[in-house]
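Starting from these lines, generate the structure:
(one chain, ligands or ions: 2)
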Amino acid sequence: MSDATADPYDALLLLSFGGPEGPEDVVPFLENVTRGRGIPRERLEEVGQHYFLFGGVSPINEQNRELLAAIRADLAEHGVDLPVYWGNRNWAPYLTDTLRELTADGRRRVLVLATSAYASYSGCRQYRENLAESLAVLVEEGLNPPRVDKLRHCFNHPGFVEPMTEGILAALAELPEEVRADAQLVFTTHSIPTAAADTSGPPEVHGEGGAYVAQHLDAARTLTERVAEATGTRHPWQLVYQSRSGPPHIPWLEPDICDHLTALHAGGAAAAVMVPVGFVSDHMEVLYDLDTEALARARELGLPAVRSATVGADPRFVAGIRELVLERAATERGAEPVRCALGPLGPSHDLCPVGCCPARTAKPAAAGADSPYV
Ligand SMILES: CC1=C(CCC(=O)O)c2cc3nc(cc4[nH]c(cc5[nH]c(cc1n2)c(C)c5CCC(=O)O)c(CCC(=O)O)c4C)C(CCC(=O)O)=C3C
Ligand SMILES: [Fe+2]
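Ligands and ions are numbered 1, 2, ... in the order given. Below is the predicted model of the structure:
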């Protein structure tokens with residue numbers, strides 16, 4: 001067996017959110033996303049407008065096609081014989097169809113890469129519930145679907161941290177030279193209900209902000225440190241939130257990025273680099289909430305601001321995915337591979353324990369210690 005074997009896995013599944021690909025897709029897509037989630041009608045209409053502003057097309061599917069192609073090429077180049085599939089929660093190709101195809105292709109053990117780098121209900125358990133729902137459909141159809149496992153969170157893997165660092169350095173270089181050294185690093189991620197944040201991750205880390213906030217703070221500190229190593233300047237930084245949804249009386253993580261930019265300006269800040277640390281590609285939350293809304297706020301304020309890149313299909317991110325796949329495969333074979341991670345939190349768990357990122361209403365979830373499918 002060569003070092004590059006993914007054995008016992010016989011397939012990798014890229015599992016993502018999905019997005020509309022034309023104006024006629026926007027409303028059905030939003031219905032898929034929000035089914036049973038109690039999002040106010042006004043919020044949905046507003047979010048629909050964000051998509052219409054971009055011709056009804058979310059960039060997320062194209063980004064995933066690029067990532068898929070890059071992962072396939074990288075695995076082939078490194079002699080890893082592992083077919084890669086793609087399925088989404090909210091739009092075609094739908095997860096159930098992809099799992100049906102995997103089953104038809106005879107795949108028996110699938111490793112899942114979800115396009116979210118952090119622990120949270122939306123970014124982790126909800127994908128595990130989607131897997132369980134799809135597996136149940138296939139069983140109902142009389143099929144014998146494969147076993148599924150999920151890769152650990154990659155927020156502190158060098159494959160994520162290195163391209164993000166380079167993106168911040170490039171963004172700093174775009175700022176006028178006279179404000180560059182004084183620029184604030186504004187790390188931004190998706191807001192979630194505080195109750196969901198507090199229970200994110202394994203039960204032993206539940207508490208204020210939970211694993212969701214702790215992992216983002218860890219990534220932000222590591223990135224700030226890396227930038228300081230490169231520039232000699234330790235920029236002031238904060239973690240802020242964007243894309244709040246849900247009814248107004250339910251508390252979500254704050255401060256909001258636009259309010260934060262206003263406060264920074266009022267406090268005399270020279271400039272800001274918005275770092276989309278919570279996202280792995282330039283999807284609608286990045287294009288609208290940051291590049292459209294937050295940059296407009298900065299312009300109104302007269303605060304020089306730029307947005308740094310997401311990892312997208314950066315070759316280092318893609319190589320990091322391969323390393324994570326080979327690491328997990330080795331672990332499943334009973335070996336003790338090096339588990340790369342930068343920063344004090346260390347590598348996160350391979351298997352979500354019981355009670356990890358619990359749902360408001362308990363539902364079956366695959367690829368975790370409480371999975372009914374093992
Ligand atoms: C933590 C998190 C991530 C990051 C992790 C990850 O990447 O998975 C994320 C990603 C994304 N969220 C996305 C889109 C939407 N999210 C919504 C609603 C919500 N997101 C939530 C959380 C998250 N979301 C939550 C707690 C809700 C409230 C309703 C609920 O509890 O489900 C809504 C409904 C309208 C609205 O209220 O905004 C939409 C349209 C897209 C696709 C973008 C595109 O099309 O390019 C992506 C990648
Ligand atoms: Fe979302």
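
How about the residues of the stretch 1-150 of the chain by ligand 1?
Residues of the stretch 1-150 of the chain lying near ligand 1 by C-beta under 6 Å from any ligand atom: 17, 19, 30, 33-34, 37, 39, 43, 47, 58, 60, 115-116, 120, 122-123. Glycine gets a C-beta too; all of them are placed from N, C-alpha and C.

Would you check which pair of these lies furthest apart?
Arg43 and Thr115 (22.8 Å; C-beta to C-beta).

And those two? Which one has more around it.
Using other C-beta atoms under 10 Å as the criterion, Arg43 and Thr115 rank with Thr115 on top: 19 against 16.

wait, isn't Val110 in contact with Thr98?
No - if you go by C-beta atoms under 8 Å, Val110 and Thr98 don't touch, sitting 9.8 Å apart.

Quickly list what's touching both of those two.
Shared contacts of Val110 and Thr98 (C-beta atoms under 8 Å, 6 or more residues apart in numbering): Leu13, Tyr85.

who's more crowded, the two?
With neighbours defined as other C-beta under 10 Å, Val110 and Thr98 compare such that Val110 has more, 25 against 21.

Counting neighbours, which bits of whichever strand or helix holds Val139 end up buried?
Here Val139, judged by DSSP states H and E, is contained in helix 126-140. Going by neighbour count (16 or more other C-beta atoms under 10 Å), the buried part of helix 126-140 is 126-138.

So which residues on the stretch 251-374 of the chain come close to ligand 1?
Contacts of the stretch 251-374 of the chain with ligand 1, taken as C-beta under 6 Å from any ligand atom, map to Gly278, His283, Met284, Glu285.

what's the burial count for the first one?
Here the neighbour count serves as a burial measure; for Gly278 (other C-beta under 10 Å) it reads 28.

Equivalent analysis for the last one, please.
Neighbour count of Glu285, defined by other C-beta under 10 Å: 22.

Pop out the phi and psi values for the nearest residue to it once chain neighbours are set aside.
Of all residues not flanking Glu285 in the chain, Ser243 sits nearest, at 4.8 Å (C-beta to C-beta, 6 or more residues apart in numbering). In terms of degrees, to the nearest 10, the main-chain angles of Ser243 are phi 60, psi 30.

my guess is Ser243 contacts His190, does it?
Yes - if you go by C-beta under 8 Å, Ser243 and His190 touch, sitting 5.2 Å apart.

hey, what's in contact with both of these two?
Joint contacts of Ser243 and His190 (C-beta under 8 Å, 6+ apart) are Glu285.

what about the closest residue to ligand 1 within the stretch 101-250 of the chain, which SS state?
Ranked by C-beta to the nearest ligand atom, the top residue of the stretch 101-250 of the chain for proximity to ligand 1 is Ser245, at 2.8 Å. Secondary structure for Ser245, judged by DSSP: H, G, I helix; E, B strand; the rest coil, is coil.

wait, what's in contact with it?
Taking C-beta under 8 Å, 6+ apart as the criterion, Ser245 is in contact with Ile39, Arg43, Val47, Ser191, Trp252.

so what secondary structure elements neighbour the host helix or strand of Val112?
Taking DSSP H and E as the definition, one finds Val112 inside strand 109-114. Counting contacts by 3 or more C-beta pairs under 8 Å, 6 or more residues apart in numbering; DSSP states H and E, strand 109-114 is packed against strand 11-16, helix 126-140, strand 147-150, helix 315-332.

mind putting these in TSV, mean pLDDT and distance to Gly209 included?
Formatted as TSV, these follow (pLDDT from 0 to 100; distance: least, C-beta to C-beta, whole Å):
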stretch	mean pLDDT	distance to Gly209
strand 11-16	98	25
helix 126-140	98	19
strand 147-150	98	22
helix 315-332	98	25
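
so which of the ones you listed comes closest to Val354?
When the helices and strands packed on strand 109-114 are compared by C-beta to C-beta, helix 126-140 sits nearest Val354, at 12.1 Å.

Run the chain-centre distance for the closest one.
Mean-position distance between helix 126-140 and its chain equals 20 Å (C-alpha atoms, centre = their mean, to the nearest Å).

CA-only coordinates of it in PDB, if you can.
Extracted in PDB, the C-alpha atoms of helix 126-140 (Å, rounded to 0.1, in the frame of the first residue of the first chain):
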ATOM      1  CA  GLN A 126     -27.700  20.200   9.900                       C
ATOM      2  CA  TYR A 127     -25.500  18.600   7.200                       C
ATOM      3  CA  ARG A 128     -25.400  15.400   9.300                       C
ATOM      4  CA  GLU A 129     -29.200  15.600   9.500                       C
ATOM      5  CA  ASN A 130     -29.400  16.000   5.800                       C
ATOM      6  CA  LEU A 131     -27.200  12.900   5.400                       C
ATOM      7  CA  ALA A 132     -29.500  10.900   7.700                       C
ATOM      8  CA  GLU A 133     -32.600  12.100   5.800                       C
ATOM      9  CA  SER A 134     -31.200  11.200   2.400                       C
ATOM     10  CA  LEU A 135     -29.900   7.800   3.700                       C
ATOM     11  CA  ALA A 136     -33.400   7.100   5.000                       C
ATOM     12  CA  VAL A 137     -34.900   7.900   1.600                       C
ATOM     13  CA  LEU A 138     -32.600   5.400   0.000                       C
ATOM     14  CA  VAL A 139     -33.300   2.700   2.500                       C
ATOM     15  CA  GLU A 140     -37.000   3.400   1.900                       C
END
